[in-house]
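Visitor: let me see the structure of the following:
(chains A and B)
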Amino acid sequence: MKTKIGSVKGAREFYPEMMALRNWLYTNMRAASQRFGYQEWDGPFLETIDLYAAKSGEELVKEQAFVFPDRGGDLITLRPELTPSLARMVAARQGQLPRPIRWWSFGPFWRYERPQKGRSREFFQWNVDLLGVDSPTADAELAAVSATFFQLIGLTPGEVKIQFNNRRLMDAEVSALGLAEKKKDVFRLIDRRDKMTPEAWDKYAGDMGVSPEQLTGIKTLLADRELWRKSTETVAFVEAARLLGIGDYLEYEPTVVRGLDYYTGTVMEGRDRNGEFRAIFGGGRYDNLLSDVGGDRIPGVGFAMGDMVIGLVAQKFGRIPAFRTSPAEILVTNFNEAGLPEALKLAQELRAAGLCAEWYPEAVKLDKQLKYADATGVRFAAIVGPDEAARGVIAVKDLQARTQQFTPRADLSALVSMIRGQ
RNA sequence: GUGCCCUUAGUUCAAUUGGCAGAGCGCCUGACUGUGGCUCAGGAGGUUGCGGGUUCGAGACCCGUAGGGCACCCCA
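Guide: Residues are numbered from 1 along each chain as shown, chains lettered A, B, ... in the order given. Okay, the predicted model is just below:
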């Protein structure tokens, strides 16, 4: 066996079919973003570790970031998320940017983790952020952007949902139980409610110093599907979401608190209704992030959606269209060696006429050339042999309809309208 | 970072207690010298992921290692 050089563990390889899927996601993400007036932007793929050390969360920085020294010895990080770059870039031009700031982005991110279903070390992520507005209505708009994307790719409220909660609300409730000082641990406890057995969860709570009475209080909170009504913020969020027509996608979920440290208010999470897959997207309000990276206090809200889970969910519900692998509309075949120059010329004239035309590079048997058209998904084939040349025509074969007709060589517009008219 | 499973032709997978490495699909050639999907016949293609060990003999057993998968952790 020949020497094989493998790919980097967890890195993504996009063969044309997968590239088509990625572009399909990108196209719909852009459409949803632009429908609400968001502008596309991007940050650096390389950053310093310091940018994330401040607020992203210890696990993300210490365990999951790709960090390596550059040739000068400085530590470089492949970006594990986008929000800190956004905060820095906005802070750098905080006086110049018209507000509100509505920005979206789609690009690669890296996290050093064990690859598994719906997760790799290299992934693409759609980020949407709204800065300069501190209101539950702004939070609802972000939920609406994500819901619009779901609608665009055909995922219904019966298939996916947007769960929401509020950090301030949960802060107050947890503090009321006398657990203000253990808030961070308690949030972690809440986050794991559905991931552990009830017995293990109780023990976990006891181990962190939660009394039986407090534990009962937490359970009461988490069982209260109407808890959101106690917060004017969440009530306003739900009202705005209903006005935006996405109420069917929303579901209040007290256990959603999100892992990133910088969230301050509304938090949300996209899920498939069956709970078969991990989170489709995650997001929330971060009002202190900009001041934490040296800027003014500009409030913000945003979410991030990875490309892998949404791909799995779209596939499960059969919403991924059959992509054409070849962009070519017509394949110009070669009848024999003598005809090669004429075929080459014909292909170029078809391009000049506006068609995407591919030229078969060898005068092999027609049989093989047509099989190639079939295999790559090119619908039409142009054939010019001695008979056609003598009559001044081109035989145009429609491989899909299994028909063939002749069109004048001198006037390609007839051929173009025939193909485009189909 | 932890645990379990997997790796044999281009690809998906077989191979009895350790005993001559095989099949489907794909590819190539022909049936069909100017026409694709179907059919039939023939053919090419392997250092069984890599490195050690046990054995008369290893695809199989043992150790290591790389890659892949699933779950945990964390999160998109």
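Visitor: elements contacting the helix or strand hosting A:Tyr372?
Guide: In this structure, A:Tyr372 sits in helix A:366-376 according to DSSP states H and E. Packing contacts for helix A:366-376, counted by 3 or more CB pairs under 8 Å, 6 or more residues apart in numbering; DSSP states H and E, involve strand A:330-332, strand A:380-383. Heads up, the C-betas are built off the backbone N, CA and C, glycines and all.
Visitor: show residues contacting the longest helix along chain A.
Guide: In chain A, with assignment by DSSP state H, the single longest helix is helix A:16-35. Around helix A:16-35, the neighbours that count as contacts under CB atoms under 8 Å, 6 or more residues apart in numbering are A:14, A:40, A:104, A:106, A:124, A:126, A:128, A:145-146, A:148-149, A:152-153, A:305, A:307, A:310-311, A:320-321, A:323-325.
Visitor: would you mind checking those residues for buried ones?
Guide: Buried members of the contacts of helix A:16-35, scored by 16 or more other CB atoms under 10 Å, are A:104, A:106, A:124, A:126, A:128, A:145-146, A:148-149, A:153, A:305, A:307, A:310-311, A:320.
Visitor: contacts with RNA strand B among those residues, please.
Guide: Filtering the buried ones among the contacts of helix A:16-35 for proximity to RNA strand B by CB under 7 Å from any atom of the strand leaves A:Met305.
Visitor: quick one: which of the buried ones among the contacts of helix A:16-35 is nearest A:Lys219?
Guide: Closest approach between the buried ones among the contacts of helix A:16-35 and A:Lys219, by CB to CB: A:Ser146, at 30.0 Å.
Visitor: that older thread, which residues sit against the helix holding A:Tyr372?
Guide: A:325-326, A:328, A:331, A:333-335, A:360, A:379, A:381, A:383, A:397, A:399.
Visitor: pLDDT of the helix or strand harbouring A:Val235, averaged?
Guide: Assessed by DSSP H and E, A:Val235 sits inside helix A:232-243. For helix A:232-243, mean pLDDT rounds to 97.
Visitor: and that helix, what does it pack onto?
Guide: Where contact means 3+ CB pairs under 8 Å, 6+ apart, helix A:232-243 is packed against helix A:136-152, strand A:160-166, helix A:167-176, strand A:250-252, strand A:266-272.
Visitor: related to what we said a few turns ago, mind listing what's buried in the longest helix of chain A?
Guide: A:Ala20, A:Leu21, A:Trp24, A:Leu25, A:Asn28, A:Met29, A:Arg30, A:Ala32, A:Ser33.
Visitor: got a pLDDT number for the second one?
Guide: What it means is A:Leu21. pLDDT for A:Leu21: 91.
Visitor: now swap in the fifth one and tell me
Guide: The model reports A:Asn28 with a pLDDT of 97.
Visitor: spatially nearest residue to it (excluding sequence neighbours)?
Guide: A:Leu152 (4.5 Å; CB to CB, 6 or more residues apart in numbering).
Visitor: got the contact list for that neighbour?
Guide: Counting by CB under 8 Å, 6+ apart, A:Leu152 touches A:Asn28, A:Ala31, A:Ala32.
Visitor: please apply the same query to A:Ile101.
Guide: A:Val90, A:Asp129, A:Leu130, A:Leu131, A:Gly132.
Visitor: in strands, which of the residues you listed fall?
Guide: In this view, those that belong to strands under DSSP state E are A:Asp129, A:Leu130, A:Leu131.
Visitor: these two touch, right, the last one and A:Pro100?
Guide: Yes. Under the criterion of CB atoms under 8 Å, A:Leu131 makes contact with A:Pro100 at 6.6 Å.
Visitor: ok, these two, which is more surrounded?
Guide: A:Leu131 (24 against 15; other CB atoms under 10 Å).
Visitor: can you give the domain ranges for chain A?
Guide: Following automatic domain parsing, chain A resolves into domains at A:16-316, A:330-421.
Visitor: what's the most buried one of those?
Guide: With neighbours taken as mean count of other CB atoms under 10 Å, these reach their highest mean count in domain A:16-316, at a mean of 17.
Visitor: hang on, the earlier thing: helix A:167-176 and the helix holding A:Val235, what's the angle between them?
Guide: Angle of helix A:232-243 versus helix A:167-176, following axes from the mean of the first three to the mean of the last three CA atoms, to 10 degrees, is 150 degrees.
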